[in-house]
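**Q** Show me the folded form of this:
(3 chains)
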Amino acid sequence: MSTTTGDKSQRISMLKVLNPFHIWALGVGIVLVGEFMGWNFSVAKGGAYGSLIACWVIGLLYTCVAMIDSEVTSTVAAAGGQYTQAKHIIGPLMAFNVGLYLVMAYTMLEAADALIVGDLMKSAAETFGHANLDTKPFVVLTIAFLAWLNYRGVFTTLTLNFVITFVAFIAILVLFLAVEPANPGAVLKHKELLTDLPYGWIGVVASLQFGMWYYLGIEGTCQAAEEVRSAGRAIPLGTMGGMMTLLVAASLTWYICAGLMPWQYLGQAVTPLYDAGTLVGSTKLQLLLFVATAFAAIASANGCINDASRAWFSLGRDRYMPVFFGAIHPKYRTPYRSIIFLVPIAVSFAFTGLLDQVITFSILSGLLGYTFMSINVVKFRKMWPLGSIHRGYIHPFHPIPAITLLILCSATYFATFLGYGNSLLSILAFYILASIWFSVRRYKFVKRADQFTMPWPRPKGY
Amino acid sequence: MDLWDMLSSAAWVISAALLIWIVKDAISVSQQYDEEFLMSSREGDE
Amino acid sequence: MTKQYEPPKQSWFGQIFDSLFVLALVYLSLMLPLLFKTKEAASAAAGAAAEVVKPTWESLQLSPVVQEQWEKLGYDAEKAAALINTRFDYTIDPTWLAITAVVLIGYFVFMLKVSDKEYREVIAEKFGK
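**A** Down below sits the predicted model:
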């Protein structure tokens, strides 16, 4: 149903214009920046081999996430994504928390992405002889431009994301070819550079935390459910395709970097893939990697604005948050008030100077969301067994993916405890306080039966 | 004032222009349309 | 059909207050770990002061290939040594581990319990008792 007039009997809705490629671009776009920077901190935690193990173990975690998410989303197609799933399957307080995980994870990641663009401008200026360039205007410009783009419509936003994400992905492939993978020892020195696990297996566990960088955000694809032409088909297709792209990109990235840099350097590098390009010694390659790093950061921030605003919008539409944010732009059909509201917040996160904290908060919010998914899918299958409602996609081997996911999440919590124990507790304190606040103060503004919008029969056992 | 300083200033100006445009548009939408209509979307509508 | 719950309408002021309240909570939890960090940094600085011997490539005992890669990255022996000698401390404090686990599990149990109660209300209103 769609309309542009102000008639009260008619309803406004978002535009259904996206296809599977947009979904791929949304998912991979958010994540790919993690291959250009961030994943390598896992090398510092557990050595190069530790990071590779983390890459695959966390890859398994995300494969479970993608499988579970595809099934539930192909059934629950709404802008809130996992938030709407929680509302229909577990209950309001869980839904409120999941909504907050989404908004926090994406807005904080957006802030970090914008900072990267600022830092890249600074290093470019340094190369051309201008020291100490102020990064602030470029950080703000990144956020402002992408917010403007998001405000003006989802189709252009995600089409742009497709183009720049694709370029960034191709850059990784080009770099891979340039390091002569068929001729080991010429450029790549794996034999000499790879060492035994420097901290033993505890280091491997610790590296799981930053191993999440390889894939963090791929689950954001289901935030587009209300805007794709055929949610049941496009979302599983785009998400699974995205996951495969990321597994390839992650393995290649590790292979290139581990063969070029000593692990102690790699573990603290700010832009490891760009450094790899520099080490190969071609100016063209260096330039390509510079552009690709910038594109990856911009694509990620762009996708984050898209996802965070949809999550905040859905919270508003159900009155979990002020109803004011539940508005849709009559011309561009975007959740425009949520987009505006999150701009100053993203900027303020970027300027706190607490990048470490902000990123930990983002990763942990994601992790809490995955923990929820494992509980969610078990309840979903119990309350609406196969055959009782139409599912666009049914994931195989249930409940093995759910159990695997829960175990891997626990291991990653332990990893976070090892590296960022204080942050873990303070972030949990935030979600606990917010939950109490929601139960005591906010929930009274929420209409009860209206929250359940799916055309499903009564759940079993309720 | 070199190229990079000019780029910085330009970045500030463009950011401000974009943000002002967004806010102005949002205000004019609120004035032109009924609040009920703007918030009339329903989850799961086809 | 059960009686529908009619929520009160929220004032503009209330809406703004609620949005800001959540934000304030976020900033608070971002700042909180800083209190611990300053203490740790002070004790770490005291430990670092003990090292005085200036490292060379020979004292680091790297293979020629590895040394070459370090040099390509623009590192001299001293700077490389600073990175090579930084090590993480993975000692586990069982008390803190237990506290963290209890808080995490408690959070999920609390959330699932309250959600279940609220969910039954939703279902009862939607489908009737």
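
**Q** all contacts plus neighbour counts: C-alpha atoms, from now on.
**A** Will do.

**Q** Dump the C-alpha coordinates for stretch C:109-122 into CSV.
**A** Taking only C-alpha atoms (Å, rounded to 0.1, in the frame of the first residue of the first chain), the coordinates of stretch C:109-122 have been written out as CSV:
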residue,chain,number,x,y,z
VAL,C,109,17.5,-15.0,32.7
PHE,C,110,16.0,-11.8,34.0
MET,C,111,15.3,-10.6,30.4
LEU,C,112,13.7,-13.9,29.3
LYS,C,113,11.5,-14.1,32.4
VAL,C,114,10.1,-10.6,32.2
SER,C,115,9.7,-10.9,28.4
ASP,C,116,7.8,-14.1,28.8
LYS,C,117,5.4,-12.5,31.3
GLU,C,118,4.8,-9.5,28.9
TYR,C,119,4.5,-11.8,25.9
ARG,C,120,1.7,-13.8,27.5
GLU,C,121,-0.2,-10.6,28.0
VAL,C,122,0.3,-9.7,24.3
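
**Q** is that stretch up against chain A anywhere?
**A** Yes. Applying C-alpha under 8 Å from any C-alpha of the partner chain, one finds stretch C:109-122 in contact with chain A at C:111-112, C:114-116, C:118-122.

**Q** residues in contact with A:C222?
**A** Contacts for A:C222 (C-alpha atoms under 8 Å, 6 or more residues apart in numbering or on different chains) come out as A:69, A:73, A:77-82, A:235.

**Q** wait, doesn't A:T253 sit right on A:Y274?
**A** No. A:T253 lies out of contact with A:Y274 (C-alpha atoms under 8 Å); the separation is 11.0 Å.

**Q** part of a helix, is B:W12?
**A** Yes. Applying DSSP: H, G, I helix; E, B strand; the rest coil, one finds B:W12 inside a helix.

**Q** give the contact list for it.
**A** Neighbouring residues of B:W12 by C-alpha under 8 Å, 6+ apart: A:137-138, A:140-141.

**Q** Over to A:A231?
**A** Residues near A:A231 by C-alpha under 8 Å, 6+ apart: A:73-74, A:77, A:225.

**Q** Likewise for A:G99?
**A** Shown in contact with A:G99 (C-alpha under 8 Å, 6+ apart): A:80, A:82-83, A:311-312, A:315.

**Q** could you redo the last one with a cut-off of 10 Å?
**A** Taking C-alpha atoms under 10 Å, 6 or more residues apart in numbering or on different chains as the criterion, A:G99 is in contact with A:80-84, A:86-87, A:93, A:105, A:308, A:310-315, A:320-321, A:369.

**Q** Mind checking the pLDDT average for stretch B:30-42?
**A** What stretch B:30-42 shows for mean pLDDT is 92.

**Q** what's around residue 31, how many residues?
**A** No chain in the question, so chain A it is. A:V31 is flanked by 32 other residues according to other C-alpha atoms under 10 Å in any protein chain shown.

**Q** meant chain C, my bad for not saying
**A** C:M31: 15 neighbours (other C-alpha under 10 Å).

**Q** does it count as helix, strand or coil?
**A** Assigned state for C:M31: helix (three-state reduction, three-state DSSP).

**Q** Backbone dihedrals for A:L18, please?
**A** Backbone torsions of A:L18, given as degrees, to the nearest 10, read phi -90, psi 150.

**Q** Tell me the spacing between it and A:I12.
**A** 18 Å (C-alpha to C-alpha, to the nearest Å).

**Q** Looking at those two, which is more packed in?
**A** A count of neighbours by other C-alpha under 10 Å puts A:I12 above the other of A:L18 and A:I12, at 26 against 21.

**Q** Pretty sure the more buried one sits in a helix.
**A** No. Applying three-state DSSP, one finds A:I12 to be coil, outside a helix.

**Q** I'd say it and B:S40 touch.
**A** Yes. If you go by C-alpha atoms under 10 Å, A:I12 and B:S40 touch, sitting 5.7 Å apart.

**Q** and for those two, which residues touch both?
**A** Here A:I12 and B:S40 share the contacting residues A:327-328, scored by C-alpha under 10 Å, 6+ apart.

**Q** returning to what we had before: please narrow the contacts of A:A231 to those residing in helices.
**A** A:73-74 (DSSP state H).

**Q** how about the contacts of A:A231 in CSV, adding distance to A:P181 and neighbour count?
**A** What follows is the contacts of A:A231, written out as CSV (distance: C-alpha to C-alpha, whole Å; neighbours: other C-alpha atoms under 10 Å in any protein chain shown):
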residue, distance to A:P181, neighbour count
A:T73, 39, 25
A:S74, 40, 23
A:A77, 43, 27
A:A225, 40, 25
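
**Q** Which of the contacts of A:A231 sits closest to chain B?
**A** When those are ranked by distance to chain B (C-alpha to the nearest C-alpha), A:A77 comes first, at 6.5 Å.

**Q** how many neighbours does residue 32 have?
**A** Just going to use chain A. A:L32: 31 neighbours (other C-alpha under 10 Å).

**Q** should've been chain C
**A** A count of nearby residues for C:L32, using other C-alpha under 10 Å, gives 16.

**Q** and if you look at A:E71?
**A** 20.

**Q** mind checking which helix or strand it is in?
**A** For A:E71, the host element (DSSP states H and E) is helix A:41-75.

**Q** what about that helix and chain C, touching?
**A** Yes. Looking at helix A:41-75 against chain C by C-alpha under 10 Å from any C-alpha of the partner chain, the contacts come from A:44-46.

**Q** now these in CSV, with pLDDT?
**A** Below are the residues of helix A:41-75 next to chain C laid out as CSV (pLDDT from 0 to 100):
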residue, pLDDT
A:A44, 95
A:K45, 95
A:G46, 95
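
**Q** then the one helix or strand A:I340 maps to to PDB, C-alphas only?
**A** Under the criterion of DSSP H and E, A:I340 resides in helix A:336-351. Extracted as PDB, the C-alpha positions of helix A:336-351 are listed here (Å, rounded to 0.1, in the frame of the first residue of the first chain):
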ATOM      1  CA  TYR A 336      13.800  10.400   8.100                       C
ATOM      2  CA  ARG A 337      13.500  11.500  11.700                       C
ATOM      3  CA  SER A 338      15.500   8.600  13.000                       C
ATOM      4  CA  ILE A 339      18.200   9.300  10.400                       C
ATOM      5  CA  ILE A 340      18.500  12.900  11.600                       C
ATOM      6  CA  PHE A 341      18.400  12.000  15.300                       C
ATOM      7  CA  LEU A 342      21.300   9.600  14.900                       C
ATOM      8  CA  VAL A 343      23.600  12.100  13.100                       C
ATOM      9  CA  PRO A 344      24.700  14.100  16.200                       C
ATOM     10  CA  ILE A 345      25.000  10.900  18.200                       C
ATOM     11  CA  ALA A 346      27.300   9.300  15.700                       C
ATOM     12  CA  VAL A 347      29.400  12.500  15.600                       C
ATOM     13  CA  SER A 348      29.600  12.700  19.400                       C
ATOM     14  CA  PHE A 349      30.700   9.000  19.600                       C
ATOM     15  CA  ALA A 350      33.400   9.800  17.000                       C
ATOM     16  CA  PHE A 351      34.700  12.800  19.000                       C
END
